[in-house]
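# build me a model:
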Amino acid sequence: MQFTTTDWLTLALVVITGVYAWATFLILKANQGVVAAMRAQTEAQLRPYVVAYVSTRVGTTLLHLWVENTGKSAAVDLRMEMDTSFLQNAEPTGLDISKVPAFSHPIASLAPGARLPFVLGVGHTLFAEGANTVSPKVFSIKTSYAFEDRRYEEEHTIDLRPLLHTTAIQDPIADEIKALSKRVDSWMRKVN
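Numbering: from 1, shown residues only. Just a heads-up that it's a prediction; the model follows:
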């Protein structure tokens, strides 16, 4: 059997078509990867991020625990749980933060930018001898919430120990307002 020019051209077209089909398949796979990466990036930009952290009130040693949605969408069906009891201000009869409704019942929705503040106590009582038994210096908060068709579960470790022996942050504007208020009070007394 002898191949004609037409047979050779047909064979060449079949091989070229096969190469194009393979290349098209590889391009399709690469595009699927790009689409998946773009979806993940879009989700990361739009999803809620519920974070927990501690901060001090300006001008005092009062410590607050904050739970905040720093993302761009609402955290739906938010459930929070502390791994241990934490009594406010290290008082044996103080409020147990781990039992307040935010930690014991689901929150239907936490809007973007919404913050939940909880008073932990003042530094000198939280760091006093024996306070660790009712107000631990390190504890964890587990959060679980939904966005679209996904559920996110995260754990935040709160460590108060770095705040020991730190200084209360002073606000110079607040100090000036206090001084001005005292002067106004003094003048008001002189006038009356």
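# ranges for the strands of the protein?
50-56, 62-69, 75-82, 107-110, 115-122, 138-147, 150-159 (DSSP state E).
# neighbours of residue 62, how many?
17 (other C-beta atoms under 10 Å). All C-beta atoms are positioned from the backbone trio N, CA, C, and that covers glycine.
# nearest spatial neighbour of it, skipping sequence neighbours?
Leaving aside its sequence neighbours, residue 62 sits nearest to residue 122 (C-beta to C-beta, 6 or more residues apart in numbering; 5.4 Å).
# number of nearby residues for that neighbour?
17.
# so who does it touch?
60-63, 89 (C-beta atoms under 8 Å, 6 or more residues apart in numbering).
# go again with 10 Å.
By C-beta atoms under 10 Å, 6 or more residues apart in numbering, the contact list for residue 122 reads 56-57, 60-63, 89-90, 128.
# domains of the protein?
Domain assignment for the chain, taken from automatic domain parsing, gives 1-40, 50-167.
# quote the end-to-end distance of the last one.
Translated: domain 50-167. Taking C-alpha to C-alpha, to the nearest Å, the first and last residues of domain 50-167 lie 28 Å apart.
# would you map the helices across this structure?
5-46, 101-104, 123-126, 172-191 (DSSP state H).
# now residue 82. Nearest residue, chain neighbours left out?
Residue 82's closest residue in space is residue 98 (C-beta to C-beta, 6+ apart), at 3.8 Å.
# beta partners of residue 157?
residue 140 (DSSP bridges).
# so it touches residue 138, yeah?
Yes: with contacts counted by C-beta atoms under 10 Å, residue 157 reaches residue 138, the gap being 6.8 Å.
# quick one, what contacts residue 51?
Per C-beta under 10 Å, 6+ apart, neighbours of residue 51: 66-71, 115, 141, 143, 154, 156.
# just the buried residues of the residues you listed.
Buried subset of the contacts of residue 51 (neighbour count, 16 or more other C-beta atoms under 10 Å): 67-69, 71, 141, 143.
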